[in-house]
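J.: the following block contains a protein sequence and its predicted model.
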Amino acid sequence: MRRILITLCLLVLPGIGFATDIQPESGTWSGEVTFDSQTGCPAEMVGQMKQARQGYTGQQITFPDPFGPAVFKDIDPNFTWQKIAPNIWEGIFSDVQQTAIGTMTVVSKSIMVIIAPDQINQLADLTVDLPQSMATSMGMATTTCLVRSTVYHKRTGP
(Lines give C-alpha, C1' and ligand atoms only; values in the text may rest on other atoms or scores of the structure.)
Protein backbone atom coordinates (compact mmCIF):
# COMPACT_ATOMS: atom_id res chain seq x y z
CA MET A 1 0.00 0.00 0.00
CA ARG A 2 2.88 2.35 0.82
CA ARG A 3 4.28 1.91 -2.69
CA ILE A 4 0.96 2.89 -4.24
CA LEU A 5 0.72 6.01 -2.08
CA ILE A 6 4.26 7.11 -2.99
CA THR A 7 3.54 6.61 -6.67
CA LEU A 8 0.25 8.51 -6.47
CA CYS A 9 1.93 11.39 -4.64
CA LEU A 10 4.53 11.62 -7.38
CA LEU A 11 1.83 11.61 -10.04
CA VAL A 12 -0.41 14.18 -8.35
CA LEU A 13 2.33 16.38 -6.91
CA PRO A 14 5.34 15.95 -9.20
CA GLY A 15 6.99 19.00 -7.63
CA ILE A 16 7.65 16.99 -4.47
CA GLY A 17 9.56 14.42 -6.50
CA PHE A 18 13.01 14.72 -7.91
CA ALA A 19 13.78 17.74 -10.08
CA THR A 20 16.15 15.72 -12.25
CA ASP A 21 15.73 12.34 -13.85
CA ILE A 22 16.73 9.21 -11.97
CA GLN A 23 18.76 6.73 -14.00
CA PRO A 24 17.72 3.13 -13.22
CA GLU A 25 20.60 0.72 -12.61
CA SER A 26 21.16 -2.08 -15.06
CA GLY A 27 21.13 -5.57 -13.63
CA THR A 28 18.70 -8.33 -12.73
CA TRP A 29 15.14 -7.11 -12.31
CA SER A 30 11.81 -8.66 -11.30
CA GLY A 31 8.29 -7.35 -11.73
CA GLU A 32 5.40 -8.12 -9.40
CA VAL A 33 1.91 -7.55 -10.81
CA THR A 34 -0.93 -6.60 -8.46
CA PHE A 35 -4.45 -6.50 -9.86
CA ASP A 36 -6.03 -3.50 -8.15
CA SER A 37 -9.60 -3.51 -9.48
CA GLN A 38 -11.91 -4.41 -12.31
CA THR A 39 -15.16 -2.93 -13.54
CA GLY A 40 -17.68 -4.66 -15.78
CA CYS A 41 -15.53 -7.68 -16.58
CA PRO A 42 -16.72 -11.28 -16.44
CA ALA A 43 -14.65 -13.49 -14.12
CA GLU A 44 -13.33 -15.63 -17.00
CA MET A 45 -12.02 -12.53 -18.82
CA VAL A 46 -10.25 -11.27 -15.69
CA GLY A 47 -8.73 -14.73 -15.21
CA GLN A 48 -7.39 -14.68 -18.77
CA MET A 49 -5.94 -11.19 -18.25
CA LYS A 50 -4.20 -12.33 -15.07
CA GLN A 51 -2.75 -15.34 -16.88
CA ALA A 52 -1.47 -13.11 -19.69
CA ARG A 53 0.28 -10.73 -17.28
CA GLN A 54 1.91 -12.60 -14.43
CA GLY A 55 5.03 -10.51 -13.91
CA TYR A 56 8.58 -11.67 -14.38
CA THR A 57 11.64 -12.70 -12.38
CA GLY A 58 15.37 -12.70 -12.94
CA GLN A 59 15.36 -10.67 -16.14
CA GLN A 60 18.65 -9.05 -17.08
CA ILE A 61 17.94 -5.46 -18.15
CA THR A 62 20.45 -2.96 -19.48
CA PHE A 63 18.93 0.50 -19.29
CA PRO A 64 19.79 3.12 -21.89
CA ASP A 65 21.23 6.38 -20.58
CA PRO A 66 19.10 8.43 -20.49
CA PHE A 67 16.33 6.05 -19.44
CA GLY A 68 13.54 5.17 -21.86
CA PRO A 69 10.76 2.64 -21.13
CA ALA A 70 11.13 0.94 -24.52
CA VAL A 71 13.68 -1.26 -22.74
CA PHE A 72 10.66 -3.16 -21.36
CA LYS A 73 9.63 -4.22 -24.87
CA ASP A 74 9.64 -7.89 -23.85
CA ILE A 75 7.07 -7.09 -21.16
CA ASP A 76 5.02 -4.40 -22.94
CA PRO A 77 5.91 -4.97 -26.60
CA ASN A 78 3.69 -2.54 -28.50
CA PHE A 79 3.56 0.55 -26.32
CA THR A 80 4.26 4.05 -27.57
CA TRP A 81 5.89 6.01 -24.73
CA GLN A 82 6.05 9.73 -24.04
CA LYS A 83 7.83 11.48 -21.20
CA ILE A 84 5.30 13.69 -19.38
CA ALA A 85 7.40 14.92 -16.41
CA PRO A 86 10.75 14.19 -14.76
CA ASN A 87 10.80 10.45 -13.97
CA ILE A 88 7.26 9.92 -15.34
CA TRP A 89 6.39 8.29 -18.64
CA GLU A 90 3.01 7.60 -20.23
CA GLY A 91 2.54 4.69 -22.58
CA ILE A 92 -0.37 3.64 -24.73
CA PHE A 93 -1.20 0.66 -26.88
CA SER A 94 -4.37 0.38 -28.93
CA ASP A 95 -5.66 -2.52 -31.00
CA VAL A 96 -8.86 -2.42 -33.05
CA GLN A 97 -10.11 -5.66 -34.59
CA GLN A 98 -13.06 -6.20 -36.86
CA THR A 99 -14.90 -9.41 -35.98
CA ALA A 100 -17.85 -11.06 -37.70
CA ILE A 101 -20.16 -9.51 -35.09
CA GLY A 102 -18.61 -6.06 -34.78
CA THR A 103 -15.58 -4.07 -33.67
CA MET A 104 -13.50 -5.06 -30.65
CA THR A 105 -11.14 -2.43 -29.20
CA VAL A 106 -8.41 -2.98 -26.63
CA VAL A 107 -6.63 0.03 -25.15
CA SER A 108 -3.87 -0.23 -22.58
CA LYS A 109 -2.55 2.88 -20.85
CA SER A 110 0.39 2.91 -18.47
CA ILE A 111 2.07 5.46 -16.27
CA MET A 112 5.65 4.47 -15.40
CA VAL A 113 7.32 6.29 -12.51
CA ILE A 114 11.04 5.98 -11.73
CA ILE A 115 11.06 5.93 -7.91
CA ALA A 116 14.73 5.13 -7.32
CA PRO A 117 17.65 3.63 -9.27
CA ASP A 118 16.39 0.19 -8.19
CA GLN A 119 12.61 0.73 -8.26
CA ILE A 120 10.10 1.55 -11.01
CA ASN A 121 6.33 1.54 -10.45
CA GLN A 122 3.89 1.18 -13.31
CA LEU A 123 0.14 1.87 -13.07
CA ALA A 124 -1.84 0.26 -15.88
CA ASP A 125 -5.42 0.47 -17.17
CA LEU A 126 -6.63 -2.08 -19.69
CA THR A 127 -9.95 -1.27 -21.34
CA VAL A 128 -11.74 -3.75 -23.60
CA ASP A 129 -14.76 -2.63 -25.60
CA LEU A 130 -16.69 -5.52 -27.14
CA PRO A 131 -19.47 -5.73 -29.70
CA GLN A 132 -22.88 -5.65 -27.95
CA SER A 133 -23.81 -9.23 -28.85
CA MET A 134 -20.48 -10.56 -27.57
CA ALA A 135 -20.77 -8.60 -24.31
CA THR A 136 -24.34 -9.84 -23.82
CA SER A 137 -23.33 -13.47 -24.43
CA MET A 138 -20.62 -13.09 -21.77
CA GLY A 139 -23.14 -11.73 -19.27
CA MET A 140 -21.71 -8.20 -19.21
CA ALA A 141 -23.99 -5.32 -18.22
CA THR A 142 -22.16 -2.98 -20.64
CA THR A 143 -19.83 -3.47 -23.59
CA THR A 144 -16.81 -2.10 -21.70
CA CYS A 145 -14.52 -3.86 -19.25
CA LEU A 146 -11.74 -2.11 -17.31
CA VAL A 147 -8.92 -3.79 -15.35
CA ARG A 148 -6.47 -1.75 -13.26
CA SER A 149 -3.15 -3.14 -12.14
CA THR A 150 0.19 -2.06 -10.77
CA VAL A 151 3.57 -3.51 -11.68
CA TYR A 152 6.35 -3.08 -9.14
CA HIS A 153 9.66 -3.39 -11.01
CA LYS A 154 12.56 -3.96 -8.61
CA ARG A 155 16.27 -4.51 -9.18
CA THR A 156 17.15 -7.79 -7.48
CA GLY A 157 20.80 -8.26 -8.38
CA PRO A 158 23.82 -7.23 -10.39
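T.: Cool, the structure landed. Numbers count the residues shown, from 1 in each chain.

J.: what helix or strand does the spatially most central residue of the chain sit in?
T.: With distances taken as C-alpha atoms, centre = their mean, A124 lies nearest the centre of the chain, 3.3 Å away. Assigned by DSSP states H and E, A124 falls within strand 119-129.

J.: got it, and T142?
T.: Going by DSSP H and E, T142 is not in any helix or strand.

J.: quick check: closest non-adjacent residue to it.
T.: Counting by C-beta to C-beta, 6 or more residues apart in numbering, the nearest residue to T142 once its immediate chain neighbours are dropped is G40, at 5.3 Å. Where you see a C-beta, it was placed from the backbone N, CA and C, and this is true even at glycine.

J.: what number of residues lie near that neighbour?
T.: Around G40 there are 16 other residues, counting by other C-beta atoms under 10 Å.

J.: wait, isn't it in contact with M138?
T.: No. Between G40 and M138 there is no contact, the gap being 10.3 Å when judged by C-beta atoms under 8 Å.

J.: list phi and psi for S137.
T.: Backbone geometry at S137, expressed as degrees, to the nearest 10, gives phi -70, psi -20.
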